[in-house]
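S.K.: Need a 3D model of the following:
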Amino acid sequence: MGVVAYALTGYRVEEARAVQGALVFGVVNSLGAYTTLSGIALLCARTGELGLAQIGSALDAHPGGPDALVIAAFVVIATGLLVKAAAVPFHFWLADAHAVAPTPVCMLMSGVMVELGVYGIARVYWTVFAGPGGIPAPDAQRALLALGTLTAVLGAVMCGLQRHLKRLLAYSTVAHTGLFLIGLAVPAVLLAGALAVGLVPGLRTGTGQAADAFTDQAGYLAAVLHGRATEPAATPPPHWSTAGVLWDLLTTALAVGLALLAVRRPLGAEPARWTTPLRRLHSGHVGDYVAWFLAGITLLGVLVV
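M.R.: Modelled structure (predicted):
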């Protein structure tokens, strides 16, 4: 998938910008793929297994919390998937690739590749690392919540600064990735926000059951390794609360205010001075993005530990 995506991004090979965008895409995503393979190698060396269920079962056979090798494996695997998901600070490739790729390729990037990166993080964590021998839930939630918030805010700010339509859509995708990561960190937020209103009969029950099954590591291991199905523990249904309603009203008012500010802004207005460092970070130089890639691995490791 990666090689085809790199080639399609640089489809207009006669244009220097297209080649540059494809090169940035290829280098950053290849680094992400290498880190994921390194994490798989670490887990294989520890457990002697390659199947998700088998690795998770082997880690759970030694409870008591993760050691340095398990933490390192989680960090490097998550890094590769966060690169695919275009999460900050691994997101730089997406805008450069979006700006030069044909429109159908941009649709695949924003509509398929990014979401698969988020899904991969959820699947790997809840299948392999969610047990007693993996990463404690508070540590994983802290990392995803911090990166998700940073990604959502930076993506929204950079989206408002763009004058190139495809780059604007790329940063919109980055902002949505942040919301997805926040939802993984605090699943009750998404469940309550999407299902509490109950506009579609049965939607809350069906989606809640699917979410319970997806996050049930013990049930997955029992089904794959022993061939028996088990009922997942039920998640408490979403409910209204005064604090939740007030937060909803506040965020709605903030969204409306920012939208009005963006619409009423003069077309020729210069960007605010405080945005200059943000724009300089997105330099288009592969070396800068590799440096941020290394900084992102370090940040993720600190958040998990």
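S.K.: make it CA atoms for all contacts and neighbour counts henceforth
M.R.: Will do.
S.K.: how many neighbours does the residue nearest to M113 when sequence neighbours are not counted have?
M.R.: Among residues not flanking M113 along the chain, K84 sits closest, at 6.4 Å (Cα to Cα, 6 or more residues apart in numbering). By other Cα atoms under 10 Å, the residues close to K84 number 26.
S.K.: what do you get for L37?
M.R.: L37 has 16 nearby residues by other Cα under 10 Å.
S.K.: Could you do T230 as well?
M.R.: Neighbours of T230 (other Cα under 10 Å): 14.
S.K.: Let me know whether it touches Q217 as I believe.
M.R.: No - using Cα atoms under 8 Å, T230 makes no contact with Q217, being 10.8 Å away.
S.K.: List the single closest residue to V286 in space, sequence neighbours excluded.
M.R.: With Cα to Cα, 6+ apart, the residue lying closest to V286 is V24, at 5.8 Å.
S.K.: where does that neighbour fall, phi/psi-wise?
M.R.: Per-residue torsions, V24: phi -60, psi -50 (degrees, to the nearest 10).
S.K.: contacting residues for it?
M.R.: V24 is in contact with W93, D96, A97, G284, H285, V286, counting by Cα atoms under 8 Å, 6 or more residues apart in numbering.
S.K.: just I71 next, same as before
M.R.: With Cα under 8 Å, 6+ apart, I71 has these contacts: I135, G301, V304, V305.
S.K.: what about the helices in the stretch 51-200 of the chain?
M.R.: Secondary structure of the stretch 51-200 of the chain (DSSP state H, counting those that start in this stretch): helices at 52-60, 68-85, 92-100, 103-108, 114-124, 137-161, 165-185, 187-195.
S.K.: which secondary structure elements does the fourth one contact?
M.R.: So that's helix 103-108. helix 2-9 (3 or more Cα pairs under 8 Å, 6 or more residues apart in numbering; DSSP states H and E).
S.K.: could you say what helices and strands the helix it packs on packs with?
M.R.: Partner elements for helix 2-9 (3+ Cα pairs under 8 Å, 6+ apart): helix 16-47, helix 92-100, helix 103-108.
S.K.: What count of nearby residues applies to the closest residue to R228 other than its chain neighbours?
M.R.: Sequence neighbours aside, A222 is the residue nearest to R228 in space, at 5.8 Å (criterion: Cα to Cα, 6+ apart). By other Cα under 10 Å, 15 other residues sit near A222.
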